[in-house]
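[1] Give me a model of this one.
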Amino acid sequence: MQKSSLDALVRELLAAAGASSSGRAAGTVYGGHEHVLRQTVIALMAGQALAEHENPGEATVHVLLGRVRLVSGPDSWEGRKGDLLIVPLAPHSLEAAENSAVLLTVAKTGR
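    Numbers count the residues shown, from 1 in each chain. As a prediction, the model looks like this:
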């Protein structure tokens, strides 16, 4: 069994995102390309975003810190610390309204 401190990882990644010209940083907590399930903590500084992209499978975004907006076409959903957002299968983006960290969980569907 492995144990990870998401709080410690969030602190580390926010520091890295703050020092990065992109204003973001990420670290895989579990899984990878060889697994069906992958969990990644993503830190975004206020005003930064993950540009619109496709979804490789079923996914959720658990907001660990801050406030984000998930956008897909004309629809958008706000998420605050503790919220769980279901990621649509359509192209989507993620924007940080303030310094934020999320846990992205993806189960690849093989499509």
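
[2] Around G82, how many other residues sit close by?
    9 (other CB atoms under 10 Å). To be clear about C-beta, it is placed using only N, CA and C from the backbone, and glycine gets the same treatment.

[3] hang on, it packs against L65?
    No: the pair G82 / L65 is not scored as a contact, 9.8 Å apart, by CB atoms under 8 Å.

[4] Near S5, how many other residues are there?
    9.

[5] next one: the one 5 residues further on
    The number of residues packed around V10, counting by other CB under 10 Å, is 21.

[6] Same check on L85?
    Neighbour number of L85 under other CB under 10 Å is 20.

[7] How about the secondary structure of it?
    Judged by DSSP: H, G, I helix; E, B strand; the rest coil, the three-state class of L85 is strand.

[8] show me the contacts for it.
    The neighbours of L85, taking CB atoms under 8 Å, 6 or more residues apart in numbering as the test, are 60-63, 68, 70, 77, 79.

[9] again, only this time at 6 Å
    By CB atoms under 6 Å, 6 or more residues apart in numbering, the contact set of L85 is 61, 70, 77, 79.

[10] Tell me what it is bridged to.
    As for beta bridges, L85 partners with V61 under DSSP bridges.

[11] ditto for L70
    W77, L94.

[12] what about V10, helix or strand, and which?
    Applying DSSP states H and E as the criterion places V10 in helix 6-19.

[13] counting contacts, what elements does that helix pack onto?
    Helix 6-19 sits against strand 24-31, strand 37-44, with contacts defined as 3 or more CB pairs under 6 Å, 6 or more residues apart in numbering; DSSP states H and E.

[14] switch to 8 Å and redo it
    strand 24-31, strand 37-44, strand 57-65, strand 100-108 (3 or more CB pairs under 8 Å, 6 or more residues apart in numbering; DSSP states H and E).
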